[in-house]
Each structure stands twice: as C-alpha cells, then as structure tokens.
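Engineer: everything below, folded, please.
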Amino acid sequence: MTAVPRRVLAVLVTALLGGPLSACGGGQEAESRPNWSEPASYAYTLNSGMGERALIGRFRITVENHEVAHARGLDDSGRRLVANSPGQVPTLGDLLKELDRARGEGADTAEAEYAPDGRPERITLDWDTNALDDETEYVISGYEPMTG
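Structural biologist: Now for the predicted structure:
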C-alpha cells in the first residue's frame, strides 16, 4: 500500500467534511450568504469606492420590478455617472451577482457584511491582491422596502 502524504490527506478529509478549501485555490474561503430574497421594489443609498472603474460615487437608487427605475448622484462622481452611463447603476441583486462571480472566479477577496434581515450592507472585492486599482467597495445604507 502506498503512503498518502499528510497534506493530500488533510485536503481530502477537509473536502469530504465540507470545510474550507484554502489549499485548493485562490485562498478565498467560501462564505455562505444569508437567505434573503431581493424584493421587487425598494430604495437604497450606495457609496461605491476604490479602484479604477466607472461606478464610483454616492447614489440614491430606486428599484421597481427588479430594475433600476431612478438613480440620483449624490456627489460629483455619482452625478456624472448617472448623466453619462445610467445603465451602470446596480440593484442589490446586481451587487450580489458580482460578489458571487468574484467568489466563483477565485478573487483574492470577496467578502460581505449583512444586515440582520440578510440583505447586504457592505461588499468588498479584490480580484488580485498584487494588482493595482482592481479593488471595489460597496457600502449600502438607507434601505427602504416599498410595498405596492
């Protein structure tokens, strides 16, 4: 019988028991997301910062039927983006899809903080720790579900 190296055995046992797989990828431990369903209509404030990308600034966003119905820039960067590229303003569902994509593609950092009801309050992404200006941080506040 051939001896199995301890490291290989540890990784196999960890995988079988459903533990973290930090030895098998980008060092990002899978994090489960709270069970929260994005409502069809709500409003929230987004402060999007870090990195070199178009979606930078502070915004007040109204979502109706799972689509951005209205976005208002609350600072110069936000106003520019809303005026020039309104289609880039995200719903909370869009932000969570970006988080899931980062996790699926092995980003070095793909973390979120959640409110007690399970909706995201902060999402931090860094695709490659060694790359400059690829970081993203979304801070979500002023969430108001709408009924109707």
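
Engineer: just name the shakiest helix or strand of this protein by mean pLDDT.
Structural biologist: helix 6-17 (a mean of 35; mean pLDDT, DSSP states H and E).

Engineer: given the helix or strand just after that one, what are its sheet partners and their directions?
Structural biologist: Counting by DSSP states H and E, the element after helix 6-17 in chain order, helix or strand, is strand 42-49. Using DSSP bridges, strand 42-49 pairs in its sheet with strand 57-64 (antiparallel), strand 135-145 (antiparallel).

Engineer: hmm, who's touching strand 42-49?
Structural biologist: With Cβ atoms under 8 Å, 6 or more residues apart in numbering as the contact definition, strand 42-49 has outside contacts at 55-63, 74, 89-90, 92, 95, 136-146. Quick note: C-beta positions are derived from backbone N, CA and C, even for glycine.

Engineer: buried residues, stretch 138-146. List them.
Structural biologist: Applying a neighbour-count criterion of 16 or more other Cβ atoms under 10 Å, one finds 138, 139, 140, 143 buried in stretch 138-146.

Engineer: next: stretch 83-97.
Structural biologist: Within stretch 83-97, the residues scored as buried using 16+ other Cβ under 10 Å are 89, 90, 91, 92, 95, 96.

Engineer: just put those in a markdown table and tack on secondary structure, distance to residue 49 and pLDDT.
Structural biologist: What follows is the buried residues of stretch 83-97, written out as a markdown table (DSSP: H, G, I helix; E, B strand; the rest coil; distance: Cβ to Cβ, whole Å; pLDDT from 0 to 100):
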| residue | secondary structure | distance to residue 49 | pLDDT |
| --- | --- | --- | --- |
| 89 | coil | 15 | 97 |
| 90 | coil | 14 | 97 |
| 91 | coil | 19 | 98 |
| 92 | helix | 17 | 98 |
| 95 | helix | 13 | 97 |
| 96 | helix | 18 | 96 |
